[in-house]
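> Fold the stuff below for me.
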Amino acid sequence: MIVIKGYRYELWCIARAAGIRYCVVYCDVDEAHCRQWNKERSDRCEASYDDGIFEDLVRRFEKPERRNRWDSPLFELFPSREGINKSSPVISEAVTYLTKTVDSKTQDVRILQPSIATQSARFSEANSLYELDRATQEIINAIVEQQALGGAICRVTLGQEVPPIEICRPVGLPELRRLRRTFVKLMGQSSLSGPPLPTDADSAKRRFVDYLNREFGGHNA
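Sure thing, here's the model as predicted:
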């Protein structure tokens, strides 16, 4: 299950560098059905997600959008309504797209072409975006989890490699998500003319913590 669009973008970059075809097959299932299926698998002693991992996947999920080049072409399945099997028309369409013989007259199949000038940069950008996305989400999850324990919280600790977050007031999930989106956007903009994006999780976390501490400090003032 690829829940983060940054990782789908990384796969798209890999496909482009290799000069091959690429598509996304998305099973559109509502959360209630996912929970039921996961519980049924657990009851049958089959491989399933524990509650903590399942909740994390739900929080981090980002639906594919066909307007994004890394989510296109997009083939959508609706198994909770239609069922799913190997003979599903959508599965057949995706397989045909990936295996169809193409020539100069073929219009409906796109083979990604690598760019020599930007190939290495795109790999680096994809890795950095993935690390930034994952690291910032982990910090948001840590803040939410520590606040959920109850009581007044003035500091959120994140381990020895990352400084703590100073919080002197309750911070809701909508505000945290807004701050995260703004930070990721600012990081992307600054990397065009300034320092590159961080390529490891700890560096990304430190930058995000610094940003949050400035924001929370400004609010508290």
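
> With just CA atoms, put the helix or strand hosting residue 216 into PDB.
Here residue 216, judged by DSSP states H and E, is contained in helix 201-220. Output of helix 201-220 as PDB, limited to C-alpha atoms (Å, rounded to 0.1, in the frame of the first residue of the first chain):
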ATOM      1  CA  ALA A 201      15.000  11.800   8.200                       C
ATOM      2  CA  ASP A 202      16.800  13.300  11.200                       C
ATOM      3  CA  SER A 203      17.800  16.400   9.200                       C
ATOM      4  CA  ALA A 204      14.200  16.800   8.000                       C
ATOM      5  CA  LYS A 205      12.900  16.400  11.500                       C
ATOM      6  CA  ARG A 206      15.300  19.000  13.000                       C
ATOM      7  CA  ARG A 207      14.300  21.600  10.400                       C
ATOM      8  CA  PHE A 208      10.600  21.000  11.000                       C
ATOM      9  CA  VAL A 209      11.100  21.200  14.800                       C
ATOM     10  CA  ASP A 210      12.900  24.500  14.400                       C
ATOM     11  CA  TYR A 211      10.000  25.800  12.300                       C
ATOM     12  CA  LEU A 212       7.400  24.600  14.800                       C
ATOM     13  CA  ASN A 213       9.200  26.100  17.700                       C
ATOM     14  CA  ARG A 214       9.400  29.500  15.900                       C
ATOM     15  CA  GLU A 215       5.700  29.300  15.100                       C
ATOM     16  CA  PHE A 216       4.600  28.200  18.500                       C
ATOM     17  CA  GLY A 217       6.900  30.800  20.100                       C
ATOM     18  CA  GLY A 218       5.300  33.500  18.000                       C
ATOM     19  CA  HIS A 219       1.800  32.400  19.000                       C
ATOM     20  CA  ASN A 220       2.700  32.200  22.600                       C
END
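
> same question for the helix or strand that residue 181 is a member of, mean pLDDT?
Using DSSP H and E, residue 181 maps to helix 173-193. What helix 173-193 shows for mean pLDDT is 77.
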